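# sequence and predicted structure, then a few things I'm wondering about:
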Amino acid sequence: MDDFIKLLDKNLEYEKHGIIGDTIYIYVHSTLEALECPYCGVMSSRCHSKYTRSFQDLPMQGKKTIIVLNNKKMFCDNPDCEHTTFAESFSFIKGKFKKTERLINEIIQVSKNMSSVEASNYLRKNVVRVGKSTICELLKKGV
Ligand SMILES: [Zn+2]
């Protein structure tokens, strides 16, 4: 399980997982102590708080996979920075997206060769919850 998580980001650490119905929930956190402020580029190791965010990843063992991330919020101590805090961010998930990049890529690959209705049905069978409109949106954006 840890390997699967490290493929997303090598700084992630697997904590535990639980299975509820057709869904696997995987709890992770990043092991980085110091993070770079995205606004000014100064490193900070002063943690403000933590919050959880969850998003869908590639299915595993025929089950939907939800990653529950313990996300850090950090102080930026740079007096010249306009922001006093910032959230830890990751390359495998964009902004407030609810799906990982690798899942989105998979959806796009499948959807390129079918209609959005077919793709939605196919993906649902393969335990990715995605609607026709999301598929259209993803294809349009060409993410
Ligand atoms: Zn800053």
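That came through fine.

# how about T23: what's its closest non-neighbour residue?
In space, and not counting its chain neighbours, T23 is closest to K64: 4.5 Å by C-beta to C-beta, 6 or more residues apart in numbering. In short, each C-beta sits where N, CA and C put it, glycine included.

# cool, and M43?
The shortest distance from M43 to any non-neighbouring residue, by C-beta to C-beta, 6+ apart, is to A34 (4.8 Å).

# measure the one you found to T23 for me?
Distance from A34 to T23, counting by C-beta to C-beta, to the nearest Å: 34 Å.

# neighbour count winner among these two?
Counted by other C-beta atoms under 10 Å, A34 and T23 do not tie: T23 has more neighbours, with 15 against 9.

# was I right about that one contacting I66?
Yes: if you go by C-beta atoms under 8 Å, T23 and I66 touch, sitting 5.8 Å apart.

# that older thread, quick one: the residue nearest to T23 from F75, how far?
Distance from K64 to F75, by C-beta to C-beta: 36 Å.

# so where do the helices sit in this protein?
Taking DSSP state H, the helices of the chain run over residues 2-8, 101-112, 116-125, 132-141.

# show me which positions of stretch 73-92 end up buried.
Neighbour counts over stretch 73-92 (16 or more other C-beta atoms under 10 Å) mark 74-76, 78, 86, 88, 90, 92 as buried.
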